[in-house]
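K.L.:
sequence? don't have it. structure:
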């Protein structure tokens, strides 16, 4: 079994021994990087009674070891190689003679195991402001991380080094940075170390007061200051702007680790104040940059759905909502017009793009009756009971998430029965009988039900709106002009759409739990032009980054590609049209060698009796004029 041995006592005995060792005759040592090194690469087992396998001799050299000036004493690890010839040998060995025989020498050189950053972390751990200042002058980053993941400020906080903390904070240390060290087993696997090595390093170079079997991923300096039971360290961090509401990877705030009442009271009071300031800041930011504008930056068109969703969310943020019931939306419309994207952007806005803030379930996976168990978890005694349900497991982790039930019309009716209680009371019971409260969650369902009827009705309304716009502008409007906003009539909703929904879901109580039914309409002409432009911009960026080719186009190209729009496939049809008519040509020309680096490709629309085609014009590097792609080979031959 591998064992850890502290050689401090052995070396003290060596120092006091009468053996004349050259180690103690060194004078005027100027290099501070000193390694005590055995002349022999490996040392045989010291004693068969104590060494049954290869061991690591880990020790810290102390100032008593050398009384010489200008010598730093770093951490060292000596490897012992197991030697079978000693396995059954019960002889005792004289440690002093063994070490003096091998000879200890001081090697004055730069040690990889004791770099500038290691001195920096050592100084933070032991509170040496002088060494910290020197390390920063030498170019060490104040927010540098130890090889195993922690920062110097976290180390100083854990060890109660007040002056070191003040110095680091004054020099720009991040008070809210999280520790990347999880536990010694996982970090050993990630860093290709043995578990004993990672444990030893953590205890020696950070702190030996912690339960090393616990995970510390996401711990901030404030978490460690609380663990050190130092109210002074906690106050320093709070005064420096440390966020007491930050949670570690396990979802715990620093206050949850406090054992003293005064620290707990201080953190609770500061957290309440911080929450109030954060709310004021968010309210000011919402006024300056409203939710509608944020959504419109990422979603083309769909101003009606954006307006409905944004107004509902703002009402909730300002406290004008029923706290006993969650918000439930049903997004209706054809494929590829932004239903799923709107739900994603909504989750990103509410939860600051945290992965746990968005839960997406494809309801086409729940078409069978038995798959209800997959949603909430199998009951006791059944296979998979301990795994939990796909929905309940995620809701338990993030009960205020935005939950998307994609294509809800494809789910089995029994699945919808489970959702009834979820939508009505904001709670759901898993397979183990435990109830999960999620009244602050937002539930979004999408469906293609009645998409044909909605599209036909919207096209009629949009045609009427565009006709009125043309009359008002006396035929001077171009295709980028925006017609009046169209509104789905109440008669259409009640007499056309609702009967279709009732036939599909077969129950009024399910529809009655939906706060808003949102209708997504087909894209207008101006919106199609914008979609084409965005798609071409994306391909132009790829061409520039991957092939150093510039891609440009004129207005007619946008109009020609917009004609490829299919109302049944939405924005996807535009994507496929661009790939089919533009990207395929670019790829073929590039493969033939007609497109070189730093050339410029111009897309041009040619109108003819059979429609319109997209042609490529190329301007090779060093030329002023564009030529047809078919003539690019001739130019290349002339250049050669």
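P.N.:
That came through fine. Please read all numbers here as calculations on a predicted model, not as lab measurements. Numbers count the residues shown, from 1 in each chain.

K.L.:
on the three-state scheme, residue 405 is what?
P.N.:
Under DSSP: H, G, I helix; E, B strand; the rest coil, residue 405 falls in the strand class.

K.L.:
is it true that it touches residue 447?
P.N.:
No: the criterion here is C-beta atoms under 8 Å, and residue 405 misses it with residue 447 at 9.2 Å. Any C-beta I mention is one placed from the backbone N, CA and C, and that applies to glycine too.

K.L.:
quick one: which of the two has more around it?
P.N.:
residue 405 (26 against 22; other C-beta atoms under 10 Å).

K.L.:
apart from its chain neighbours, what residue comes closest to the more buried one?
P.N.:
residue 445 (4.6 Å; C-beta to C-beta, 6 or more residues apart in numbering).

K.L.:
for residue 595, same thing?
P.N.:
Excluding its sequence neighbours, the residue lying closest to residue 595 (C-beta to C-beta, 6+ apart) is residue 589, at 5.1 Å.

K.L.:
and whichever strand or helix holds that neighbour, what's buried?
P.N.:
Residue 589 is part of helix 584-591, with elements assigned from DSSP states H and E. For helix 584-591, the neighbour count (16 or more other C-beta atoms under 10 Å) marks 585-586, 589 as buried.

K.L.:
isn't there a helix covering the residue nearest to residue 405?
P.N.:
No: using three-state DSSP, the assignment for residue 445 is strand, not a helix.

K.L.:
thought it was touching residue 331?
P.N.:
Yes: assessed by C-beta under 8 Å, residue 445 is found in contact with residue 331 at 6.9 Å.

K.L.:
quick revisit: contact partners for the residue nearest to residue 595?
P.N.:
By C-beta atoms under 8 Å, 6 or more residues apart in numbering, residue 589 lies in contact with 595, 616, 618, 629, 632.

K.L.:
make sure residue 443 is actually in contact with residue 326.
P.N.:
Yes: taking contacts as C-beta under 8 Å, residue 443 lies within contact range of residue 326: 6.0 Å.

K.L.:
can you work out which residues contact both of those two?
P.N.:
Residues touching both residue 443 and residue 326 (C-beta under 8 Å, 6+ apart) are 422-423.

K.L.:
tell me which residues touch residue 206, please.
P.N.:
Counted by C-beta under 8 Å, 6+ apart, residue 206 has contacts 125, 146, 148, 150, 155, 158, 181.

K.L.:
quick check: closest non-adjacent residue to the fourth one.
P.N.:
Nearest-residue entry for residue 150: residue 179, 4.9 Å, with adjacent residues in sequence omitted and distances by C-beta to C-beta, 6+ apart.

K.L.:
tell me which residues of stretch 435-453 come out buried.
P.N.:
Under the neighbour-count criterion of 16+ other C-beta under 10 Å, stretch 435-453 has 436, 438, 441-451 buried.

K.L.:
in the stretch 301-450 of the chain, which ranges drop under the pLDDT threshold?
P.N.:
Where the stretch 301-450 of the chain drops to pLDDT under 70, the residues are 379-387.

K.L.:
tell me where it has strands.
P.N.:
Counting by DSSP state E, counting those that start in this stretch, one finds strands in the stretch 301-450 of the chain at the ranges 327-332, 358-362, 402-406, 427-429, 435-437, 442-447.

K.L.:
just so I know, which of those strands lies nearest residue 132?
P.N.:
Evaluated over the strands of the stretch 301-450 of the chain, closeness to residue 132 peaks at strand 358-362, with 41.9 Å, by C-beta to C-beta.

K.L.:
what angle do strand 442-447 and the closest one make with each other?
P.N.:
Angle, strand 358-362 to strand 442-447, by axes from the mean of the first three to the mean of the last three C-alpha atoms, to 10 degrees: 30 degrees.

K.L.:
I'd like to know which elements strand 358-362 is packed against.
P.N.:
helix 339-350, helix 390-397, strand 402-406 (3 or more C-beta pairs under 8 Å, 6 or more residues apart in numbering; DSSP states H and E).

K.L.:
thought residue 365 was touching residue 372?
P.N.:
No: taking contacts as C-beta under 8 Å, residue 365 lies outside contact range of residue 372: 11.8 Å.

K.L.:
which one of the two is surrounded by more residues?
P.N.:
A direct count of neighbours by other C-beta under 10 Å for residue 365 and residue 372 places residue 372 higher, at 20 against 15.

K.L.:
got a list of what the residue nearest to residue 405 touches?
P.N.:
So residue 445 contacts 328-331, 404-405, 408, 514 (C-beta under 8 Å, 6+ apart).

K.L.:
ok, which pair from the residues you listed is furthest apart?
P.N.:
404 and 514 (14.5 Å).

K.L.:
so if I had to pick from the two, which one is more boxed in?
P.N.:
Applying other C-beta under 10 Å to residue 404 and residue 514 shows that residue 404 carries more neighbours, namely 26 against 17.

K.L.:
so the more buried one is in contact with residue 357, correct?
P.N.:
No: judged on C-beta under 8 Å, residue 404 makes no contact with residue 357 at a distance of 11.5 Å.

K.L.:
number of residues surrounding the nearest residue to residue 363 once chain neighbours are set aside?
P.N.:
Once flanking residues are discounted, residue 363 sits nearest to residue 411: 4.0 Å by C-beta to C-beta, 6+ apart. Neighbourhood size, residue 411 [other C-beta under 10 Å]: 25.

K.L.:
go on, the one 3 residues further on?
P.N.:
Neighbourhood size, residue 414 [other C-beta under 10 Å]: 14.

K.L.:
the one 3 residues further on too?
P.N.:
For residue 417, the neighbour count with other C-beta under 10 Å is 13.

K.L.:
could you pull up the mean pLDDT of stretch 125-145?
P.N.:
In this model, stretch 125-145 carries a mean pLDDT of 88.

K.L.:
how long is it end to end?
P.N.:
Across stretch 125-145, the terminal residues are separated by 13 Å (C-alpha to C-alpha, to the nearest Å).

K.L.:
for that stretch, buried residues please.
P.N.:
Neighbour-count burial for stretch 125-145, counted by 16+ other C-beta under 10 Å, picks out 125, 127-128, 131-132, 135-136, 140, 142, 145.

K.L.:
including distance to residue 268, could those residues go into a markdown table?
P.N.:
Formatted as a markdown table, the buried residues of stretch 125-145 follow (distance: C-beta to C-beta, whole Å):
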| residue | distance to residue 268 |
| --- | --- |
| 125 | 29 |
| 127 | 29 |
| 128 | 34 |
| 131 | 36 |
| 132 | 32 |
| 135 | 36 |
| 136 | 35 |
| 140 | 36 |
| 142 | 30 |
| 145 | 30 |
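
K.L.:
mind listing what's buried in the helix or strand containing residue 297?
P.N.:
According to DSSP H and E, residue 297 maps onto helix 291-298. Across helix 291-298, burial judged by 16+ other C-beta under 10 Å covers 291, 294-296.

K.L.:
same question for that helix, mean pLDDT?
P.N.:
On average, helix 291-298 scores 84.

K.L.:
which strands and helices sit next to that helix?
P.N.:
Helix 291-298 sits against helix 303-317, helix 339-350, with contacts defined as 3+ C-beta pairs under 8 Å, 6+ apart.
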